[in-house]
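A.B. asks: sequence unknown, structure follows:
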Ligand SMILES: Cc1c2[nH]c(c1CCC(=O)O)Cc1[nH]c(c(CCC(=O)O)c1C)Cc1[nH]c(c(CCC(=O)O)c1C)Cc1[nH]c(c(C)c1CCC(=O)O)C2
């Protein structure tokens with residue numbers, strides 16, 4: 001019903017039929033089709049920069065919101081309501097750290113500090129604390145609450161825009177599980193890579209298998225496209241990215257593609273511009289870029305890497321999120337410049353997530369600029 005508050009509808013976990021999609025711009029672009037304008041959405045578009053999100057967080061713990069389908073749905077839809085007609089995708093409200101939780105680790109979200117693991121993995125023997133896929137651990141059972149949030153959100157969206165699912169990539173999750181939180185040097189996680197490489201590969205494989213099953217479960221629940229976040233890719237150099245990240249990204253993407261070839265897959269390997277060519281020929285459809293790479297260079301490099309293949313890689317990104325601290329005029333001109341530099345086969349986004357101190361009205365300027373920039377070109 002137009003104008004109706006979508007979150008006020010009753011919970012609905014029926015995965016057999018969903019409302020018809022009205023805006024498929026994102027899906028067409030992600031599949032490499034020519035579109036009338038670049039679709040736009042933002043990483044962390046649901047988050048603390050929105051007063052309506054903070055109002056929910058005053059009442060509910062972060063992971064409580066993730067685990068309660070009505071709340072996850074409400075928070076996912078908040079930015080769509082505020083920026084009516086301007087966003088071309090919704091991303092399910094959750095976190096990459098629900099996977100370590102499902103594998104048996106405790107994770108808390110400490111206000112003002114971020115994620116905290118009270119008992120991180122300190123040495124390879126600690127892997128015995130993780131639950132094992134082979135010993136009856138069921139990804140689908142542990143993460144059913146995310147699936148329910150996805151299904152319910154698909155209904156509540158009423159087909160306005162597609163719903164994206166996501167997961168963290170193995171190296172990024174491993175880094176959190178060992179460091180116990182964010183880190184400046186990643187010394188503990190990298191110690192595993194270089195002192196205990198076999199254990200590191202075992203852990204990465206275990207995480208990859210859970211993530212692959214989890215992503216397929218998200219598709220079954222109603223996710224229409226998926227993004228894998230390798231947020232700490234840039235902490236690895238090219239050789240170690242090729243050893244410890246890329247094989248696991250590819251393993252996950254190949255598994256998901258085998259199960260659901262029609263669902264677009266995006267990889268965001270933050271800081272890994274050195275690996276663009278390898279990512280271009282991997283099974284991903286879309287490469288999400290941070291702001292440290294020039295869009296024209298990226299386009300040329302992925303096209304060269306794919307020459308002779310039947311593949312056309314779509315690029316997503318990549319405005320520096322701190323540009324939203326600039327004036328509306330600056331946001332406008334830099335966004336238009338970015339859209340021109342990418343050309344077609346582009347999904348507009350920021351180069352990383354929204355920040356709690358961003359002004360919501362400045363995000364509106366960004367979204368409107370993408371709409372008008374594409375009309376001009
Ligand atoms: C590394 C990472 C995490 N989580 C995520 C990543 C990968 C993307 C990236 O590189 O930023 C992914 C994520 N986290 C969240 C989403 C929701 C969907 C969306 O993009 O709108 C997504 C896609 C919500 C969230 N996840 C988190 C928040 C804020 C916490 C709160 O509400 O208290 C939100 C809205 C918490 C979180 N979760 C994580 C961190 C580092 C933090 C703390 C950040 C901070 O304090 O600003 C781990």
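C.D. replies: Ah, there it is. All of these numbers come straight from a predicted model, not from anything done at the bench.
A.B. asks: list the residues that contact the nearest residue to residue 154 once chain neighbours are set aside.
C.D. replies: Leaving aside its sequence neighbours, residue 154 sits nearest to residue 222 (CB to CB, 6 or more residues apart in numbering; 3.8 Å). For glycine as for every other residue, the C-beta is placed from the backbone atoms N, C-alpha and C. Contact partners of residue 222, counting by CB atoms under 8 Å, 6 or more residues apart in numbering, are 15, 18, 150-151, 153-154, 163.
A.B. asks: 6 Å - rerun?
C.D. replies: Contacts for residue 222 (CB atoms under 6 Å, 6 or more residues apart in numbering) come out as 150-151, 154.
A.B. asks: just the buried ones from these?
C.D. replies: With neighbours counted using 16 or more other CB atoms under 10 Å, those contain these buried positions: 150-151, 154.
A.B. asks: go through these and name the one nearest the ligand.
C.D. replies: Checking the buried ones among the contacts of residue 222 against the ligand by CB to the nearest ligand atom gives residue 150 as the nearest, at 12.0 Å.
A.B. asks: secondary structure element holding the closest one?
C.D. replies: helix 144-156 (DSSP states H and E).
A.B. asks: residue 140 now?
C.D. replies: Assigned by DSSP H and E, residue 140 belongs to helix 139-142.
A.B. asks: mind listing what whichever residue of the stretch 151-300 of the chain sits closest to the ligand touches?
C.D. replies: The minimum distance from the stretch 151-300 of the chain to the ligand, using CB to the nearest ligand atom, falls at residue 231 (3.2 Å). Contacts for residue 231 (CB under 6 Å, 6+ apart) come out as 172, 270.
A.B. asks: rounded mean pLDDT for the helix holding residue 140, please.
C.D. replies: Averaging pLDDT along helix 139-142 yields 95.
A.B. asks: and if you look at stretch 14-30?
C.D. replies: Taken as a whole, stretch 14-30 has a mean pLDDT of 97.
A.B. asks: got the end-to-end distance for that stretch?
C.D. replies: Stretch 14-30 has its terminal residues 26 Å apart, counting by CA to CA, to the nearest Å.
A.B. asks: one more: stretch 83-100?
C.D. replies: With CA to CA as the measure, the ends of stretch 83-100 fall 33 Å from one another.
A.B. asks: again with stretch 29-42
C.D. replies: Start-to-end span of stretch 29-42 (CA to CA) is 15 Å.
A.B. asks: name the residues of that stretch that are buried.
C.D. replies: Neighbour-count burial for stretch 29-42 flags 29-32, 35, 37-42 (criterion: 16+ other CB under 10 Å).
A.B. asks: ok, stretch 163-182 next?
C.D. replies: Counting neighbours by 16+ other CB under 10 Å, one finds that the buried residues in stretch 163-182 are 163-180.
A.B. asks: show me which of the residues you listed neighbour the ligand.
C.D. replies: Filtering the buried residues of stretch 163-182 for neighbours of the ligand using CB under 6 Å from any ligand atom leaves residue 166.
A.B. asks: and the buried residues of stretch 163-182, which of them are in strands?
C.D. replies: Cross-referencing those against strands under DSSP state E gives 163-168.
A.B. asks: tabulate those residues in TSV, adding columns for pLDDT.
C.D. replies: Output for these, formatted as TSV (pLDDT from 0 to 100):
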residue	pLDDT
163	98
164	98
165	98
166	98
167	98
168	98
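A.B. asks: residue 73: which element?
C.D. replies: Applying DSSP H and E, one finds residue 73 within helix 69-82.
A.B. asks: that helix and the ligand, any residue contact?
C.D. replies: No - Helix 69-82 lies out of reach of the ligand by CB under 6 Å from any ligand atom, never closer than 7.3 Å.
A.B. asks: next structured bit after that helix?
C.D. replies: strand 90-91.
A.B. asks: mean confidence for the helix or strand following that next one?
C.D. replies: Counting by DSSP H and E, the element after strand 90-91 in chain order, helix or strand, is helix 98-102. The average pLDDT for helix 98-102 rounds to 97.
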